[in-house]
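>>> generate coordinates for the sequence data below:
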Amino acid sequence: MHAIISLIEKELSEPYIVYTYRYFVNQWPSLCFLAYTSTREPIGVIVCKLDRHLKGSRLMRGYIAMISVKHEYRGKGLAKRLVRRALEEMVGMGAQEVVLETEADNEAALGLYERLGFIREKRLHRFYLNGKDSFRLVLPIPQAMQRPIPPELDAPPPPGLVQPPSPSQTFNADSNSTASHAPDIHTHIL
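Sure thing, here's the model as predicted:
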């Protein structure tokens, strides 16, 4: 948990309290990924969730809550790999769309998400505590890619239950970006 908090606090403008991190990591551990170097230095993180869009709705919506890459590792494709890994997991769990918000003036993030197929859905004025606007972006998952909603997600979970984690996968972030040398991305389970 410390690595996630440290990366996000250093690299994002929005402050979060520890309970926010715990909420995501405890409820959706299989949707939290931590990237690190071969020396085990944490360098990137993505924190997501998946649930029904509205109470009683059949629409399963993924949400990218936080993503952060250490400044010196930006521009090397790590954020793209983290987003793709999270999208794969969410689609595999039945996501029919994925949404996120990012600062309206964050051209690098907007470019990344739009290259991955996200569409600007709405501008949210003064969305962040720093007074900045954001864009809500949405990625509709094509029908052909959608998976059946797993039975354990098809009904609301009993109070206090935590979703079981998926098996972790490891890669090396210090290597080049070929298929056999993908970045180290671990499912971070706390």
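>>> could you use CA atoms for every contact and neighbour count after this?
Fine.
>>> now do the SS call for L82.
Of the three states, L82 takes helix according to DSSP: H, G, I helix; E, B strand; the rest coil.
>>> relative to K80, how far out is C32?
In this structure, C32 and K80 are 15 Å apart, going by Cα to Cα, to the nearest Å.
>>> ok, the two, which is more surrounded?
When neighbours are counted by other Cα atoms under 10 Å, C32 and K80 differ, and C32 comes out ahead with 29 against 16.
>>> beta partners for the more buried one?
For C32, the beta-bridge partners are V47 (DSSP bridges).
>>> wait, isn't it in contact with V25?
Yes: under the contact definition of Cα atoms under 8 Å, C32 touches V25, with a separation of 6.4 Å.
>>> report how many residues lie close to the nearest residue to P142 once chain neighbours are set aside.
The spatially closest residue to P142, leaving aside those adjacent along the chain, is Q96, at 7.7 Å (Cα to Cα, 6 or more residues apart in numbering). Under the neighbour criterion other Cα under 10 Å, Q96 is assigned a count of 25.
>>> surely Q96 touches A144?
No: distance between Q96 and A144: 10.5 Å, which falls outside the contact criterion (Cα under 8 Å).
>>> how much space between V47 and L116?
Between V47 and L116 the computed distance is 17 Å (Cα to Cα).
>>> ignore the last one, Y128
As it turns out, when the distance is counted by Cα to Cα, Y128 lies 24 Å from L116.
>>> what's the answer for Y23, then?
Counting by Cα to Cα, the gap from Y23 to L116 is 27 Å.
>>> same deal with L59?
Between L59 and L116 the computed distance is 21 Å (Cα to Cα).
>>> the two: who's more crowded?
Remark: of L59 and L116, L59 carries more neighbours, 16 against 13, as counted by other Cα under 10 Å.
>>> quick one, grab the pLDDT at the more buried one.
Per-residue confidence for L59 comes out at a pLDDT of 83.
>>> can you pull the phi/psi pair for it?
Per-residue torsions, L59: phi -70, psi 120 (degrees, to the nearest 10).
>>> that one reaches H53, doesn't it?
Yes: look at L59 against H53 with Cα under 8 Å: they come within range, at 5.7 Å.
>>> so what sits against both of those two?
Between them, L59 and H53 share no contacting residue under Cα atoms under 8 Å, 6 or more residues apart in numbering.
>>> where does pLDDT dip in the protein?
Counting by pLDDT under 70, the ranges of the chain that qualify are 1-19, 21, 56-57, 149-190.
>>> which strand or helix spans V138?
Using DSSP states H and E, V138 falls within strand 134-140.
>>> can you list contacts of that strand?
Among residues not part of strand 134-140, those counted as contacts by Cα under 8 Å, 6+ apart are 96-105, 113, 117-128.
>>> coming back round to it: contact partners for the residue nearest to P142?
By Cα under 8 Å, 6+ apart, the contact list for Q96 reads L59, M60, R61, G62, P140, I141, P142, Q143, Q146.
>>> good, we can wrap up now.
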